[in-house]
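Student: take this sequence and fold it.
(2 chains)
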Protein chains: 2
Amino acid sequence: VSALTWVDVPTGSDFTLANLPFGVADVVGVGRRVVVAIGEQALDLEALRVAGALPLEWLTEKTFTSGSLNPLMGVERRQVRELRSELTQLLQDNSARARVEPVAVHDQRNLAMVMPVAIGDYVDFYSSEHHATNLGRILRPNAEPLLPNWKHLPVSYHGRSGTVVVSGTDVVRPHGLVPRGDAPAYVASEALDFELEVGAFVGIGSPLGSTVSAQAAPDHLFGAVLLNDWSARDIQAFEYQPLGPHLAKSFASSISPWVVTIDALHSARVPAPEQHPPVARHLQRHEPSGFDITLTVSLSTALMRERGLVAAQIVETSFSSMYWTLSQQLAHITAGGASLRTGDFFGSGTVSGPTPSSVGSMIELTWRGDRPLRLPSGEERSFLEDGDEITMRGWTGEGDTRVGFGTVTGTVVPAQSTDF
Amino acid sequence: VSALTWVDVPTGSDFTLANLPFGVADVVGVGRRVVVAIGEQALDLEALRVAGALPLEWLTEKTFTSGSLNPLMGVERRQVRELRSELTQLLQDNSARARVEPVAVHDQRNLAMVMPVAIGDYVDFYSSEHHATNLGRILRPNAEPLLPNWKHLPVSYHGRSGTVVVSGTDVVRPHGLVPRGDAPAYVASEALDFELEVGAFVGIGSPLGSTVSAQAAPDHLFGAVLLNDWSARDIQAFEYQPLGPHLAKSFASSISPWVVTIDALHSARVPAPEQHPPVARHLQRHEPSGFDITLTVSLSTALMRERGLVAAQIVETSFSSMYWTLSQQLAHITAGGASLRTGDFFGSGTVSGPTPSSVGSMIELTWRGDRPLRLPSGEERSFLEDGDEITMRGWTGEGDTRVGFGTVTGTVVPAQSTDF
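Tutor: Okay, the predicted model is just below:
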């Protein structure tokens, strides 16, 4: 792909010609449209289609106007590639500029990005060996940190699809039952955390009663986003036996608004960590099946913003260290014959690396409060306080071939009254 | 409600004039329609609307033709009552018969009932004290059967909404990882079970960041169905630590096609079991908050059908023994601020009573195989075999005031090949 386009793409932009991620925006005066990011601009695909600039016979008037990416996600991967190829040519063709720019190009600052996908089911994994080991050490200090199943299957559970929210949505501190002396009390969580994850969307579904192997999984993967799987550690500790987390995870899960296609992430492919013991056949993978995506987390407190201090970067890590890959995760979801639907979503699990600052959650960064974070404002944090804003970033490559996710951000706001 | 209607309602019918449950059917030559059961007939509500027989100004051409009950479930409960009242009058009015019968009445045998609801999220509970105690005794024989959280909150987890299927759908025996000697093997489950539950649908939703108390919950409950939450006990035992069940529960969950409204179940209301210790304020309930619904399970094997033997009733129990009520369950889902959407679904958890034949699963009936069931064919069962058909029934009241759910049925079919 030549990097030359008539749209100005600033140095360091996540949204180069090599990326072309899809999102859904409220376009003023027009309605909800599928849009594609390029530099600091966005292309309205329905406007391009109506103008005759996208000569693909499978496009319909519904493809870009349903209010979600789902109609586009359900087409063949080959067709999505055709569409991205057409867009690339259009953006490289200076003679197209006069025709396209007035009708289809918007400054991203003028767009309200909304939830890009109507999510079916949401499954969350636990697939970083560093993260699972850290949590095991913190929560069960006298036992083997990894449970017997961990290296045989990607441990996972269903989350709440209805509370997956788009970046920028405030996160209300949740209430829940937490032990207080003799009995549990229904109180606002005092151990609110983030979890740094990559989320993946299913494109083409699969029928009930069949299994998609890890090797066939890429045909069913549409793309990926950043995911902050907010967690309430105190609520989780009391509720989770024996059926797993529920309220500790269901109050909000924030995603970045731009869905980066699996094709755009091709240049990020790297071999994933070797697996011992060997895994069952449906989970066996073709290498390279990992993705070398750099991920960061920044924290800004209300006091820091008041003082004009920039957000502090508190985490930098890489997605390449994940023990279980996105393809294995998709395969696992179907291993018992569960069907996949276009728009199904799954989270990688918290991405943690081997070093103290490459871990993807506060409970690991502060070792459950034993080592509070010191911030540039002089404040300390064991868990998140009201007013704290968490921003995650992710990208691979650099310069003209950089493929980035943009950001997912969310601010913690005070718990609601519980006067019923 | 007078029981007199011009439709013939056979003695013992679940679908009396006091019931009027809603479903969705493929009507030959017409398409997918909202229908209402009466006796062995069903009313096509769109046909009634078009004929001018339902003079309710809030009805639109979308209410009964979207392919699901969701548009109807999202209106005010008062409006659903109005609709049921109009239908009652129509069915009592002999002078309406000539106008209605030719255009809107179908024999249920001629209808293909489909999934009645586009489900958002599905939460499954664990709310029978007898069931939780039995499972604790079977799975953790040397420990307290109830875990410390059990009497403080209705323990629950998210299930897979995409694999909730309508009665009559075959259930493919799932594969999963199960310990075999030194290492787990990916094999067809050898411990396939049913779980007898009542499922409830959310009507009017609630916003993110707010909590619906148990006392306010009835305003958000649309209706109920029978639920068979098929479970693979061997897959579950290996996978479930520490994040709960996933593949053991996600291969199929079968529901009955007729949604019985909460209003129709009013006559079944009884006080629920007293709760000690007292529960937190958002979970406190107004009595009567339980439902006295009789529930049964029948099993028919392939050999029994071959020999012309009728299905054997293996369970009879009552929903009135549930420790946590549907209203408390709905409140719990929102206790951390999670939003509700019209069409969200939750399962009561397996309904088990105090006696050996009033328990709602095979693992309890056979005490994990220690006491196999003897069937009229001479066969024995510890868990379900291929060809086994499970049918669940539920009803309250009798004669003209009987309100029943019909049946949810499903047959186990052999596991698929795993040649990838």
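Student: what about the nearest residue to residue A:37 once chain neighbours are set aside, distance to residue B:274?
Tutor: Nearest residue to residue A:37 in three dimensions, chain neighbours excluded: residue A:15, at 4.0 Å (Cβ to Cβ, 6 or more residues apart in numbering or on different chains). C-beta here means a position set from N, CA and C on the backbone, and glycine is covered the same way. Using Cβ to Cβ, to the nearest Å, residue A:15 is found at 60 Å from residue B:274.
Student: more neighbours: the two, which one.
Tutor: residue A:15 (26 against 8; other Cβ atoms under 10 Å in any protein chain shown).
Student: so which elements touch the host helix or strand of residue A:80?
Tutor: Using DSSP states H and E, residue A:80 maps to helix A:77-92. Identification of packing neighbours for helix A:77-92 by 3 or more Cβ pairs under 8 Å, 6 or more residues apart in numbering or on different chains; DSSP states H and E yields no helix or strand.
Student: contacting residues around that helix?
Tutor: A:1-2, A:4-7, A:17, A:20, A:36, A:38, A:43, A:48, A:53-56, A:58-59, A:72, A:96, A:100, A:203-204, A:219, A:222, A:261-264 (Cβ atoms under 8 Å, 6 or more residues apart in numbering or on different chains).
Student: what's the PyMOL line that selects buried ones from those?
Tutor: Restricted to buried positions by 16 or more other Cβ atoms under 10 Å in any protein chain shown, the PyMOL selection for the contacts of helix A:77-92 reads:
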select buried, chain A and resi 1+5+6+7+17+20+36+38+43+48+53+54+59+72+100+203+204+222+261+262+263+264
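Student: if you look at the contacts of helix A:77-92, which of them are in strands?
Tutor: Counting by DSSP state E, the part of those found in strands is A:36, A:38, A:43, A:222, A:261.
Student: and the two most separated of the residues you listed?
Tutor: A:38 and A:222 (19.3 Å; Cβ to Cβ).
Student: the residue of the stretch 151-300 of chain A found nearest chain B: neighbour count?
Tutor: Of all residues in the stretch 151-300 of chain A, the one sitting closest to chain B is residue A:244 (2.2 Å; Cβ to the nearest Cβ). Using other Cβ under 10 Å, residue A:244 has 26 neighbouring residues.
Student: please apply the same query to residue A:267.
Tutor: Neighbour number of residue A:267 under other Cβ under 10 Å is 15.
Student: how about residue A:33?
Tutor: Counted with other Cβ under 10 Å, residue A:33 comes out at 23.
Student: residues contacting it?
Tutor: So, once contact is read as Cβ under 8 Å, 6+ apart, residue A:33 ends up touching A:24, A:25, A:27, A:44, A:45, A:46, A:47, A:64, A:65.
Student: please list the residues of the stretch 251-400 of chain A that sit near chain B.
Tutor: Within the stretch 251-400 of chain A, the residues that sit near chain B (Cβ under 8 Å from any Cβ of the partner chain) are A:251-252, A:277, A:280-282, A:332-333, A:335-341, A:344.
Student: again, 6 Å this time
Tutor: Within the stretch 251-400 of chain A, the positions adjacent to chain B are A:251, A:280, A:281, A:282, A:335, A:336, A:337, A:338, A:339, A:341 by Cβ under 6 Å from any Cβ of the partner chain.
Student: make TSV out of these and add distance to residue A:310.
Tutor: Formatted as TSV, these follow (distance: Cβ to Cβ, whole Å):
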residue	distance to residue A:310
A:251	28
A:280	47
A:281	50
A:282	47
A:335	45
A:336	47
A:337	50
A:338	44
A:339	46
A:341	41
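Student: between the two ends of stretch A:114-126, what distance do you get?
Tutor: In stretch A:114-126, first residue to last residue: 27 Å (Cα to Cα, to the nearest Å).
Student: list the contacts of it.
Tutor: Residues from elsewhere that reach stretch A:114-126 (Cβ atoms under 6 Å, 6 or more residues apart in numbering or on different chains): A:23-24, A:68-70, A:132, A:154-156, A:158-159, A:161, A:164, A:166, A:201, A:257, A:259, A:329, A:333, A:341, A:343-349, B:160-162.
Student: excluding chain neighbours, give the residue nearest to residue A:127 in space.
Tutor: residue A:324 is the one closest to residue A:127 (Cβ to Cβ, 6+ apart), at 3.7 Å.
Student: burial count for that neighbour?
Tutor: 31.
Student: element containing it, please.
Tutor: Counting by DSSP H and E, residue A:324 is part of no helix or strand.
Student: you'd agree it is up against residue A:129?
Tutor: No. Applying Cβ atoms under 6 Å, one finds residue A:324 not in contact with residue A:129, separated by 9.0 Å.
Student: list the contacts of stretch A:168-176.
Tutor: Contacts of stretch A:168-176 (Cβ under 6 Å, 6+ apart): A:186, A:188-189, A:192, A:230, A:232, A:235, A:247, A:251-252, A:410-413, A:415, A:418, B:209, B:336-337.
Student: drop anything exposed from these.
Tutor: Using 16+ other Cβ under 10 Å, the buried members of the contacts of stretch A:168-176 are A:186, A:188-189, A:192, A:230, A:232, A:235, A:247, A:251-252, A:410-412, A:415, B:209, B:336-337.
Student: among those residues, which are in strands?
Tutor: A:186, A:188, A:192, A:232, A:410, A:411, A:412.
Student: and those residues, which is closest to residue A:305?
Tutor: Nearest to residue A:305 among these, with distances taken as Cβ to Cβ, is residue A:411, at 9.8 Å.
Student: is the closest one in contact with residue A:390, as I believe?
Tutor: No. The pair residue A:411 / residue A:390 is not scored as a contact, 7.9 Å apart, by Cβ under 6 Å.
Student: who's residue A:27 bridged to?
Tutor: residue A:31 (DSSP bridges).
Student: what about it, how many neighbours?
Tutor: 18.
Student: repeat that for the one 5 residues further on.
Tutor: Other residues lying near residue A:32 total 17 when counted by other Cβ under 10 Å.
Student: check contacts around it.
Tutor: A:26, A:67.
Student: next one, pLDDT for the most far-flung residue of chain A relative to its centre please.
Tutor: Going by Cα atoms, centre = their mean, the residue of chain A most distant from its centre is residue A:182, 39.5 Å out. As summarised for this prediction, residue A:182 has a pLDDT of 86.
Student: contact partners for the nearest residue to residue A:268 once chain neighbours are set aside?
Tutor: Excluding the flanking residues, the one nearest residue A:268 by Cβ to Cβ, 6+ apart is residue A:396, at 3.8 Å. Residues in contact with residue A:396 (Cβ under 6 Å, 6+ apart) are A:268, A:292, A:293, A:403.
Student: if we use 8 Å, what do you get?
Tutor: A:265, A:267, A:268, A:291, A:292, A:293, A:294, A:402, A:403, A:404.
Student: isn't the first one right up against residue A:404?
Tutor: No. Contact status for residue A:265 versus residue A:404: not in contact, 10.7 Å apart, counting by Cβ atoms under 8 Å.
Student: what bridges to the residue nearest the centre of chain A?
Tutor: The centre of chain A sits closest to residue A:226, judged by Cα atoms, centre = their mean, with a distance of 2.5 Å. Following DSSP bridges, residue A:226 is listed with bridge partners residue A:198.
Student: that one touches residue A:391, doesn't it?
Tutor: No. Applying Cβ under 8 Å as the test, residue A:226 and residue A:391 come out as separate, 9.7 Å apart.
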